[in-house]
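In: Sharing a sequence plus its predicted fold:
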There are 4 protein chains.
Amino acid sequence: MSSPVAWSRAINSSPIDRGRLERCAQEIAEAGRELGALGWTPATSSNFSMRLDASHAAVTISGRDKGRLGIDDIMVVDFDGRAVGTEARPSAETALHTQVYRRFPAAGAVLHTHSRAQSVASRLYAARGVVRFEGWELQKAIAGYTTHESVLDLPVFPNTQDMSELVARVDAWLDAGKPLHGYLIDGHGIYTWGKDMPETRRHLEAFEFLLNCELDLLRLKGTPT
Amino acid sequence: MSSPVAWSRAINSSPIDRGRLERCAQEIAEAGRELGALGWTPATSSNFSMRLDASHAAVTISGRDKGRLGIDDIMVVDFDGRAVGTEARPSAETALHTQVYRRFPAAGAVLHTHSRAQSVASRLYAARGVVRFEGWELQKAIAGYTTHESVLDLPVFPNTQDMSELVARVDAWLDAGKPLHGYLIDGHGIYTWGKDMPETRRHLEAFEFLLNCELDLLRLKGTPT
Amino acid sequence: MSSPVAWSRAINSSPIDRGRLERCAQEIAEAGRELGALGWTPATSSNFSMRLDASHAAVTISGRDKGRLGIDDIMVVDFDGRAVGTEARPSAETALHTQVYRRFPAAGAVLHTHSRAQSVASRLYAARGVVRFEGWELQKAIAGYTTHESVLDLPVFPNTQDMSELVARVDAWLDAGKPLHGYLIDGHGIYTWGKDMPETRRHLEAFEFLLNCELDLLRLKGTPT
Amino acid sequence: MSSPVAWSRAINSSPIDRGRLERCAQEIAEAGRELGALGWTPATSSNFSMRLDASHAAVTISGRDKGRLGIDDIMVVDFDGRAVGTEARPSAETALHTQVYRRFPAAGAVLHTHSRAQSVASRLYAARGVVRFEGWELQKAIAGYTTHESVLDLPVFPNTQDMSELVARVDAWLDAGKPLHGYLIDGHGIYTWGKDMPETRRHLEAFEFLLNCELDLLRLKGTPT
């Protein structure tokens, strides 16, 4: 699915809703441009997706500049991560996207970015395994949180080039019944999601803001809280 | 008042000056776009208002993206915080805006933002209850200050989801006769105001700048001044 | 001289070259927009000027938003700081601009800005009275410097609301025969100049860069060098 | 070669492919505008080039504002650094560009920039002679690196105004058989390259990101790793 022309042919012979695919591709491309302009997707890193239906997602093609995405940089995968109607190679990290859609039926979008605060915080908190946010009004930007008097945990998983290991870490966290709205990977970046693209971007902005605030407090207070 | 069309109907049967409302809504939306671009309104946080007359203000509707405000994201409230001519829900923090208009008859605009420096400084200075600025030329940007040899206090109030507690804190400060040009809320952001939108934005820019400078000095000198 | 129309009348009865004034006003306004966008002119601070002839300069009118300058925000002063052909009030700091034109016949433009690095460095180095740059390639951006193996001194003068005190400090430095390409004022900002606007902006960019680098090294090494 | 008109005449009597030169000049100018907007080319510093053929490169003319490059700010040099078909003076650092094209036959573009992180890191790691990156996912953005479990070394060479000394340092590093994808010069900036402009920009973005992350970790952990 390397172009809209290719889309027509491939999608017409599949169960994918062509209109929804186009709208999703546009939302993904717009998010990429805006997140790229913020410097959160350096050096062609990062990947983005949206749910198409109960078993398919639209996801960015590997290696593209995320700040200059067009709709032909988006492809379709099923929830096992297999390309649908295209020879293009999905991002190596597609398995982490499809896991979210499988485990959270209400999730409509997944964003994985790579900002400096995300990368640095992931290194600093890797040994502890979690960044804990307390007392920030902006915790309320995460769906379901209604007060700054809550505790918001963002786990940090060890990095690996083997996606199945990461999938297992996320499954283990969820199977333990702990709430999960996003996670860091050590030396890498963040994954977060929401019911649709606006909520997912709100979650991403909130985590980015909170991570920067925590790092600022660390610099000013001298020791990790 | 979810759209200009709705405005026409609702406002025609109220004492609000329709022309003034439109101009205020445009000034608020423009401020939102520019402050959003600076990253001071992350994750749909922040809210803005302008005085319409002796008993009404225009204020942003809850939950909208403050960097993408249109005039239909603005509604009318009276100074008790009740919506006028609309079913829309005003921001939970509307009471802090209307308090300013009640207590400062010359106040024409109120801006509440949520920058990283505002949030981090509020945490660092919460125990002390105030950030004190001395020796900065930019203190002169606050109306009434004519020299860097003055002392400018920005109080930090404890955060709460109960707005009446915050209203009472602000009232107590003012009733003690202390000058007040803005305040921080712990883990949250800043409120500031001025006679009109340009003066209010000048105050906001000045406080943001001064907070960043104080945090930089703290990082460089090692201990709070 | 509050508008181009006013300019015509006032300038026609004075010895000012009207064409040069318009070109200077445009260069100043463009510099203001670009420096404002960088955040170096917060809260209507900062002021800019260009030499018109052997005894006049164009300078920004006091209190205007430096990021939104139009040519009617620029006025003419003589080198004693008196307004020419206008009722507008020149910036209080005009005396510091005209001093540069009097003492440096080749100076064609003066920029005074107010960035965070300029303000913070001025506080940190005020007691020492100078920021000394050594070993930075970018010292070569200052006219006359051809190697990073030179020493570049940027003095820090105490702040005062009395401009004649600052003028005397600058005169004393120059009368001592020390090279001067710019200076900081404590808690305030920077003054720098050059033969024309491009060279002056290059000097300003270089000092801003070097100050940021010095502050970064201080943060990383722990003690002032 | 100070203008496209001059190009026509000069290039028509040389073996340079005129079409390729124009495309390269446009790619260089676009890179300059985008890198300048990021603040990585302060005060007319930095220089950029692209390979034209087996013995010529297009390179920026000395002293131009790298954020405002037009195609007439680009000139042709041979791999000995001599200007071809123009009186313009190539950057003093042209020898470092042509060295890359001579030693790496696959190199198609070279970028030299001057960001704050590049300059500060070069000072901090000068004594050690190298910045070593380990454990960052973004190391994979450098061609040939496929895992964060690799080690990526960025050497820091002493600064000098004598380019032949720097050329010799780079030659010695390569002759020792050590991998080289870029290098810092102390107090100065970075050189990096790739097969074409997109890969070179990806390398530059990755090194800038990694340097910022290392400096952040240093600030947070207190001692160099």
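Out: Good, I have the coordinates.
In: does any bit of the helix or strand A:Ser119 falls within sit next to chain D?
Out: Using DSSP states H and E, the element containing A:Ser119 is helix A:116-124. Yes. Interface with chain D: helix A:116-124 contributes A:116, A:119-120, A:123-124 (CB under 8 Å from any CB of the partner chain). For every residue, glycine as well, the C-beta is placed using N, CA and C.
In: Leaving out sequence neighbours, find the closest residue to A:Val76.
Out: Using CB to CB, 6 or more residues apart in numbering or on different chains and skipping the chain neighbours, the partner closest in space to A:Val76 is A:Val84 (4.2 Å).
In: What of A:Ala126?
Out: Closest to A:Ala126 by CB to CB, 6+ apart is A:Asp186, at 4.1 Å.
In: That neighbour contacts A:Ser122, correct?
Out: Yes. Counting by CB atoms under 8 Å, A:Ser122 is a contact partner of A:Asp186 at 5.0 Å.
In: Looks to me like A:His148 is in a strand.
Out: No. Under DSSP: H, G, I helix; E, B strand; the rest coil, A:His148 sits outside any strand and is assigned coil.
In: okay, now it: neighbour count?
Out: Residues lying near A:His148 (other CB atoms under 10 Å in any protein chain shown) number 21.
In: for the one 4 residues further on, same thing?
Out: Residues contacting A:Leu152 under the criterion other CB under 10 Å number 23.
In: Report the contact partners of it.
Out: A:Leu152 sits next to A:132-134, A:139, A:142, A:145, A:181, A:210 when contact means CB atoms under 8 Å, 6 or more residues apart in numbering or on different chains.
In: avg pLDDT for the top helix by length along chain A?
Out: In chain A, assigned by DSSP state H, the helix with the most residues is helix A:197-221. Helix A:197-221 carries an average pLDDT of 96.
In: coming back round to it: between the residues of helix A:116-124 next to chain D, which is nearest D:Leu35?
Out: Looking at the residues of helix A:116-124 next to chain D and their distance to D:Leu35, the nearest is A:Arg116, at 17.5 Å (CB to CB).
In: about what we covered before: need phi/psi at the residue nearest to A:Ala126.
Out: When read as degrees, to the nearest 10, the backbone of A:Asp186 gives phi -60, psi 130.
In: Contacts only, for it.
Out: A:122-123, A:126, A:156-159, D:135.
In: For these, work out which two are farthest apart.
Out: Maximum pairwise distance among these (CB to CB): 13.8 Å, between A:Phe157 and D:Gly135.
In: These two: who's more crowded?
Out: Shown here are A:Phe157 and D:Gly135; by other CB under 10 Å, A:Phe157 has more neighbours (22 against 17).
In: what's the closest non-adjacent residue to that one?
Out: Nearest to A:Phe157 is A:Arg169, by CB to CB, 6+ apart, at 4.5 Å.
In: what residues does chain A put near chain B?
Out: Applying CB under 8 Å from any CB, we find that chain A lies next to chain B at A:135-138, A:141, A:146-149, A:198, A:202-203, A:205-206, A:208-209, A:212-213, A:216-217, A:219-221.
In: before we move on, the earlier item: avg pLDDT for the helix holding A:Ser119?
Out: On average, the pLDDT along helix A:116-124 is 98.
In: Summarise which helices and strands the helix or strand following that helix is packed against.
Out: Helices and strands here follow DSSP H and E; after helix A:116-124, the next one along the chain is strand A:130-134. Taking 3 or more CB pairs under 8 Å, 6 or more residues apart in numbering or on different chains; DSSP states H and E as contact, the helices and strands that strand A:130-134 lies on are strand A:151-157, helix A:197-221.
In: Could you list the buried residues of strand A:130-134?
Out: By 16 or more other CB atoms under 10 Å in any protein chain shown, the buried positions in strand A:130-134 come out as A:131, A:133.
In: what residue ranges in chain A score low on pLDDT?
Out: A:1-14, A:222-225 (pLDDT under 70).
In: Could I get the full set of strands for it?
Out: A:47-51, A:56-60, A:74-78, A:83-84, A:109-113, A:130-134, A:151-157, A:182-185, A:190-194 (DSSP state E).
In: so can I have a markdown table of the ones you listed showing distance to B:Ala92?
Out: Below are the strands of chain A laid out as a markdown table (distance: least, CB to CB, whole Å):
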| stretch | distance to B:Ala92 |
| --- | --- |
| strand A:47-51 | 31 |
| strand A:56-60 | 35 |
| strand A:74-78 | 38 |
| strand A:83-84 | 44 |
| strand A:109-113 | 26 |
| strand A:130-134 | 20 |
| strand A:151-157 | 19 |
| strand A:182-185 | 25 |
| strand A:190-194 | 21 |
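In: so which of those strands gets nearest B:His112?
Out: Proximity to B:His112 (CB to CB) singles out strand A:130-134 among the strands of chain A, at 21.0 Å.
In: Mind listing the strands that closest one pairs with, and their directions?
Out: In the sheet, strand A:130-134 lines up against strand A:151-157 (antiparallel) (DSSP bridges).
In: Next, the angle from the partner strand to helix A:116-124.
Out: For strand A:151-157 against helix A:116-124, the angle by axes from the mean of the first three to the mean of the last three CA atoms, to 10 degrees is 80 degrees.
In: Can you report how many residues lie near the residue in chain A positioned nearest to chain C?
Out: Chain A approaches chain C most closely through A:Arg219 (8.3 Å), counting by CB to the nearest CB. Under the neighbour criterion other CB under 10 Å, A:Arg219 is assigned a count of 16.
In: hang on, the earlier thing: turn the residues of helix A:116-124 next to chain D into CSV, columns for neighbour count and distance to chain C.
Out: Output for the residues of helix A:116-124 next to chain D, formatted as CSV (neighbours: other CB atoms under 10 Å in any protein chain shown; distance: CB to the nearest CB, whole Å):
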residue, neighbour count, distance to chain C
A:Arg116, 23, 14
A:Ser119, 30, 18
A:Val120, 24, 14
A:Arg123, 22, 17
A:Leu124, 21, 16
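In: Going by distance to chain D, which of those residues wins?
Out: Comparing the residues of helix A:116-124 next to chain D against chain D with CB to the nearest CB picks out A:Val120 as the nearest, at 4.4 Å.
In: shouldn't the closest one be in contact with A:Asp216?
Out: No. Taking contacts as CB under 8 Å, A:Val120 lies outside contact range of A:Asp216: 11.6 Å.
In: hang on, the earlier thing: just the angle for the longest helix of chain A relative to helix C:197-221, thanks.
Out: Per the same axes, to 10 degrees, the angle that helix A:197-221 makes with helix C:197-221 is 70 degrees.
In: Tell me which residues of helix A:197-221 come out buried.
Out: A:197, A:199-220.
In: Which ones, among those, also lie beside chain D?
Out: Residues of the buried residues of helix A:197-221 in contact with chain D (CB under 8 Å from any CB): A:215, A:218-219.
In: Including distance to A:Gly63, could those go into TSV?
Out: Below are those laid out as TSV (distance: CB to CB, whole Å):
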residue	distance to A:Gly63
A:Leu215	29
A:Leu218	34
A:Arg219	35
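In: Pick the one among those closest to B:Ala25.
Out: Lowest distance from B:Ala25 to these (CB to CB) belongs to A:Leu215, with 37.2 Å.
In: hang on, the earlier thing: let me have the helices and strands packed on strand A:130-134 in a markdown table, adding distance to B:Glu22 as columns.
Out: Output for those, formatted as a markdown table (distance: least, CB to CB, whole Å):
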| stretch | distance to B:Glu22 |
| --- | --- |
| strand A:151-157 | 40 |
| helix A:197-221 | 27 |
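In: State the distance from the closest residue to A:Thr192 other than its chain neighbours to C:Val167.
Out: Among residues not flanking A:Thr192 along the chain, A:Gly182 sits closest, at 3.4 Å (CB to CB, 6+ apart). Distance of A:Gly182 to C:Val167, given as CB to CB, to the nearest Å: 57 Å.
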